[in-house]
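> structure for the following, please:
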Amino acid sequence: MPGDEKSAGLAGIYAEALLRVAEEKGCADEVLDELEEIVAFGDREPAFRRAFLSLLASPAQRGAAIERILRGHAQDVLVDFYQVLNRKGRPDLLPEVALAYRSALQAARGIVDVTVTSAVALSTADRERVRETVKRRSGLTARLIERVDPELLGGLVVRVRDSKFDTTLKTKLERLHTALLERASNEIIQSRSQPPEVKR
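Just a heads-up that it's a prediction; the model follows:
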């Protein structure tokens, strides 16, 4: 939707500005942690979300609450930034800013999100193997996002950005099944096209 694209673009601009200031102050990683913590708390607590991450409360009320609750407990850079969003009437942008900030910070640090889906939880060796493979192929450091799907029947599905690498037994069986089915179909078609044998 156009509105969503506009919000995402605005959130990206805000995130870049916040990252620039946070890097100058030497607290970029801390700001990310606190940003995501605030957004996660809003997801768990509807009352907090309504008061802090929506337009239901007045800017004056929200601004006073931001100072009272966050000042001294979060990075000043983040509190100041949150007040800017509040004054601009866009506190609802904070979740999108958090996503854009993480992307910008990871790009600056050469880090990429890697989603790994496996039949069972990854071992330490599995994690290290995935990280080494990503580093070798892309030159980037992998931040693993792990998911378990017992239906995979072993193996891994690794997604790096838009690229997908599938080593699961389920996929191999499905490919084998498809290949056998195609071969059987071809044999049937060929036998139909051949003239019947004449018995002597």
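> wait, isn't V130 in contact with V116?
Yes. In terms of Cβ atoms under 8 Å, V130 counts as a neighbour of V116; the distance is 5.8 Å. Just so you know, the C-beta spots here come from the backbone N, C-alpha and C atoms, and that holds for glycine as well.
> now do the shared contacts for these two.
Shared contacts of V130 and V116, defined by Cβ atoms under 8 Å, 6 or more residues apart in numbering, are found at 122, 144, 156, 158.
> L153 - how many residues pack around it?
13 (other Cβ atoms under 10 Å).
> and this protein, what are its domains?
2-107, 110-189 (automatic domain parsing).
> now the longest one: mean pLDDT?
Put plainly, it is domain 2-107. The average pLDDT for domain 2-107 rounds to 91.
> now do the shortest one
Throughout domain 110-189, pLDDT has a mean value of 82.
> so where do the strands sit in this structure?
Taking DSSP state E as the criterion, the chain carries its strands at 111-118, 141-148, 156-160, 163-166.
> turn those into TSV, columns for mean neighbour count and distance to K6.
TSV is the format used below for these (neighbours: other Cβ atoms under 10 Å; distance: least, Cβ to Cβ, whole Å):
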stretch	mean neighbour count	distance to K6
strand 111-118	18	24
strand 141-148	14	28
strand 156-160	18	28
strand 163-166	12	29
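> let's have the ones you listed in CSV, adding distance to E187.
Listed next are the strands of the chain as CSV, based on distance: least, Cβ to Cβ, whole Å:
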stretch, distance to E187
strand 111-118, 36
strand 141-148, 40
strand 156-160, 32
strand 163-166, 28
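> ok, Y14 - contacts?
81, 85, 93, 97, 100.
> what do you get if the cut-off is 7 Å, keeping everything else the same?
Shown in contact with Y14 (Cβ atoms under 7 Å, 6 or more residues apart in numbering): 93, 97.
> quick one: it from V77, how far?
To V77, Y14 is 13 Å away according to Cβ to Cβ, to the nearest Å.
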